[in-house]
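In: Sequence first, then the predicted structure, then my questions.
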Amino acid sequence: MPKKPKTKPAAIQPINRNEETIVAREVLIAATLDLKDLGDRERAFLAICQKIYRRHSGCTSPFENFFWSLVFSIERGHWPTPDDVEHDLGTFKDDFEDMSRQARYFAESYPAILATPEVKQAKEAAHAN
């Protein structure tokens, strides 16, 4: 049986992390934002997205990181598949459990800090939002 000729694998294109390219892409995407004739529902939706974006701090903000990773995937031109979302959901669950555990450890280690007026005011403000 004759041997099959070896073929070269397709060249893998690296993700372009060039700052200029990223900024240029963001400018193009930002230019597509239509701010005309926004109703309260759409403004509220965009405000919530903005809040999630501004609170995002990686794995220390599990839901924000989950949401951000899905949106960032779309920004790069890759609409997530159910498998992608399932993977990201698994990461969210892991990060959530880690943060829950770390928050308990922090509260146990520093109960006096959590009893300060500043923390109580921050908790009340968080519940008001």
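Out: Cool, got the structure. Quick caveat, the model's predicted, so the values are computed rather than measured.
In: What are the buried residues along the helix or strand harbouring Asp98?
Out: For Asp98, the element it lies in under DSSP states H and E is helix 82-109. Applying a neighbour-count criterion of 16 or more other C-beta atoms under 10 Å, one finds Asp88, Phe92, Asp95 buried in helix 82-109. Where C-beta positions appear, they are placed from N, C-alpha and C, glycine not excepted.
In: how about TSV for these, with pLDDT and distance to Phe63 added?
Out: As requested, the buried residues of helix 82-109 are arranged in TSV below (pLDDT from 0 to 100; distance: C-beta to C-beta, whole Å):
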residue	pLDDT	distance to Phe63
Asp88	96	11
Phe92	97	7
Asp95	97	9
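In: ok, of those residues, which one's closest to Glu20?
Out: Asp88 (28.3 Å; C-beta to C-beta).
In: Report the contact partners of that closest one.
Out: Phe66, Ser69, Leu70, Pro80 (C-beta atoms under 8 Å, 6 or more residues apart in numbering).
In: Perfect, I'm done here.
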